[in-house]
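In: below is the sequence, then the predicted model.
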Amino acid sequence: MDWKFWLRRWDRQQERYLPFREQSFNAMVQCVAEGVRGRGRALDLACGCGSVTERLLKGIPELQVVGVDIDPVLLKIARGAFGGDERVRWMERDLRDPDWAADLEPESFDAVVTATALHWLEESVLLRVYRDVAALLRPGGIFVNADHMPLENRVFSDAGRRLYDEWFEASADRDDWEGWWEAISKEEVMEEALAERERRFGRRKTHEFMPPASWHIQHISNAGFSSAEILWRSFDEAVLAAWK
Ligand SMILES: C[S@@+](CC[C@H](N)C(=O)[O-])C[C@H]1O[C@@H](n2cnc3c(N)ncnc32)[C@H](O)[C@@H]1O
């Protein structure tokens, strides 16, 4: 199985929805690099197949990263793609479980990062995850969240949506979400992980909670961060960085 191929194909699929994804990752890595200054420990929340982890390790080669995600298929690709890389560990965790961070190793991190994921959590869960993240970070640690954070002015937000829709249509040579899942489901080696995924999510309704950046800034600050601000933005897509 060419695991890196599937990671790349995942990236191309995600970029169909997020044409400036790589730019937002660059902003994220730059910020973490400044905060950890070389060595350090980072947590990649809802890591998928390890896209953010890959960029972090490229930009900060001495970083140690723990990736957590609930999806057995994406984690299997991550494990395969990073092979024996001793800087990385993958852990299966559900952020909706209040104890998801109870047995994380290490117990404290210099940076926590996450991309295109936390909007899948319900409001009450997200608020608790923000507090969990604050507790996991050392003082002076950094939290970076890249996600859909719609602009509050509908006209501006709609303008962005049109631009993104045009890009989506123009990049039909890439998988969309369903196409990617259909393609991976043809890989025999994934059979068990796909069956497990189906058992877990089969009947689960996908939840979407997407408040504006001002909501995130307020609640991240309340969770125990001394500052929180927008690091990068393209219409409804934003990267928010917070300092503990
Ligand atoms: C759109 S993907 C983004 C993955 C990766 N961060 C990236 O940018 O490529 C959203 C991720 O959130 C994960 N996720 C959703 N709900 C979760 C939960 N309750 N606990 C852990 N991970 C979750 C999914 O499994 C998926 O990997």
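Out: Sure, I can see it. Residues are numbered from 1 along each chain as shown.

In: hey, let's count contacts and neighbours off CA atoms from now on
Out: Noted.

In: next, count neighbours for Glu178.
Out: 9 (other CA atoms under 10 Å).

In: any idea which element it lies in?
Out: Taking DSSP states H and E as the definition, Glu178 sits inside helix 177-184.

In: contacts made by that helix with the rest, please.
Out: 6, 9-10, 13-14, 190 (CA atoms under 8 Å, 6 or more residues apart in numbering).

In: could you give the angle of the very next helix or strand once past that helix to helix 177-184?
Out: Moving toward the C-terminus from helix 177-184, the next helix or strand (DSSP H and E) is helix 191-201. Helix 191-201 runs at 140 degrees relative to helix 177-184, counting by axes from the mean of the first three to the mean of the last three CA atoms, to 10 degrees.

In: in helix 191-201, which residues are buried?
Out: Across helix 191-201, burial judged by 16 or more other CA atoms under 10 Å covers 193-194, 197.

In: tell me the gap between that helix and the middle of its chain.
Out: 21 Å (CA atoms, centre = their mean, to the nearest Å).

In: averaged pLDDT, that helix. What do you get?
Out: Mean pLDDT, computed over helix 191-201, is 92.

In: same for that helix, what does it pack against?
Out: helix 72-82 (3 or more CA pairs under 8 Å, 6 or more residues apart in numbering; DSSP states H and E).

In: residues in contact with the helix it packs on?
Out: 2-4, 6-7, 48-50, 69, 88, 90, 92, 190, 193-194, 196-197.

In: mind checking the end-to-end distance for stretch 100-114?
Out: 15 Å (CA to CA, to the nearest Å).

In: so for it, mean pLDDT?
Out: 92.

In: quick revisit: okay if I get the buried residues of helix 191-201 as CSV plus distance to Leu127?
Out: Below are those laid out as CSV (distance: CA to CA, whole Å):
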residue, distance to Leu127
Ala193, 30
Leu194, 30
Arg197, 26
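
In: can you name the element that comes right after the longest strand belonging to the chain?
Out: When the chain is parsed with DSSP state E, its longest strand is strand 137-148. Scanning forward in sequence from strand 137-148 by DSSP H and E, the next helix or strand is helix 154-170.

In: that next one: which residues count as buried?
Out: Applying 16+ other CA under 10 Å to helix 154-170 flags 157, 160, 164, 167-168 as buried.

In: give me the contact list for it.
Out: 16-19, 150-151, 234-236.

In: what is the longest strand of the chain packed up against?
Out: helix 21-36, strand 109-115, strand 237-243.

In: adjacent strands (with direction) for it?
Out: Here strand 137-148 has these sheet partners by DSSP bridges: strand 109-115 (parallel), strand 237-243 (antiparallel).
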